[in-house]
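**Student:** predicted model and sequence below, questions to follow.
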Amino acid sequence: MADRTAGELLDAVLRAIERIDFTEVAELFHPDGVFDCPYAPGGPSIARGRDAIVALLRGSAEAMWKTFAFTVDREYACTDPAFAIAEYHSEALLHNGRTYRNRYITVCEARDGRIVLFREHFDPQAIVAGMS
């Protein structure tokens, strides 16, 4: 895993979330990793450490969605393979029967073959609308 670029890791974590495979999510994050959502509903949300990241994502799955699918629209080349920037969108079926869609821009940083930073920017109003 040490030779994976940040772009490869970003894509791998999206696919693991789609499969609701939090064991793989944990393997992709560095023990000291950070999952940062600066525009989360209710204010910034930052999970620090692999266990906290998995708990955040697992809690979101249990509270919100049955299925989740991501489509990467564009990846931006970075001169350093330890960094990746991507635009993507999602479609999810929520537990309340609604469909949730959102667009994202994510900055990902890798170290030692694992994600140390996953900073996800999205539209918080789309989450609020999906849950109402």
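**Tutor:** Sure, I can see it.
**Student:** roughly how far apart are the residue lying closest to residue 100 once chain neighbours are set aside and residue 41?
**Tutor:** Among residues not flanking residue 100 along the chain, residue 130 sits closest, at 3.7 Å (Cβ to Cβ, 6 or more residues apart in numbering). (Glycine included, C-beta is placed from N, CA and C.) Applying Cβ to Cβ, to the nearest Å, the value for residue 130 to residue 41 is 10 Å.
**Student:** more neighbours, the two?
**Tutor:** Set residue 130 next to residue 41 and count neighbours by other Cβ atoms under 10 Å: residue 130 wins out with 17 against 13.
**Student:** quickly find the element holding that one.
**Tutor:** Using DSSP states H and E, residue 130 maps to helix 124-131.
**Student:** what comes up buried for that helix?
**Tutor:** 124, 127, 130 (16 or more other Cβ atoms under 10 Å).
**Student:** rounded mean pLDDT for that helix, please.
**Tutor:** Mean pLDDT, helix 124-131: 80.
**Student:** from the buried residues of helix 124-131, pick the one nearest residue 100.
**Tutor:** Nearest to residue 100 among the buried residues of helix 124-131 is residue 130, at 3.7 Å by Cβ to Cβ.
**Student:** kindly format the C-alpha coordinates of the helix-or-strand element of the chain with minimal mean pLDDT as CSV.
**Tutor:** The weakest-scoring helix or strand in the chain, judged by mean pLDDT, DSSP states H and E, is helix 124-131 (a mean of 80). Extracted C-alpha coordinates of helix 124-131, given in CSV (Å, rounded to 0.1, in the frame of the first residue of the first chain):
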residue,chain,number,x,y,z
PRO,A,124,-24.6,21.4,3.5
GLN,A,125,-28.1,22.5,2.3
ALA,A,126,-28.3,19.3,0.2
ILE,A,127,-27.9,17.2,3.4
VAL,A,128,-30.5,19.2,5.3
ALA,A,129,-33.0,18.9,2.4
GLY,A,130,-32.4,15.2,2.2
MET,A,131,-33.0,14.6,5.9
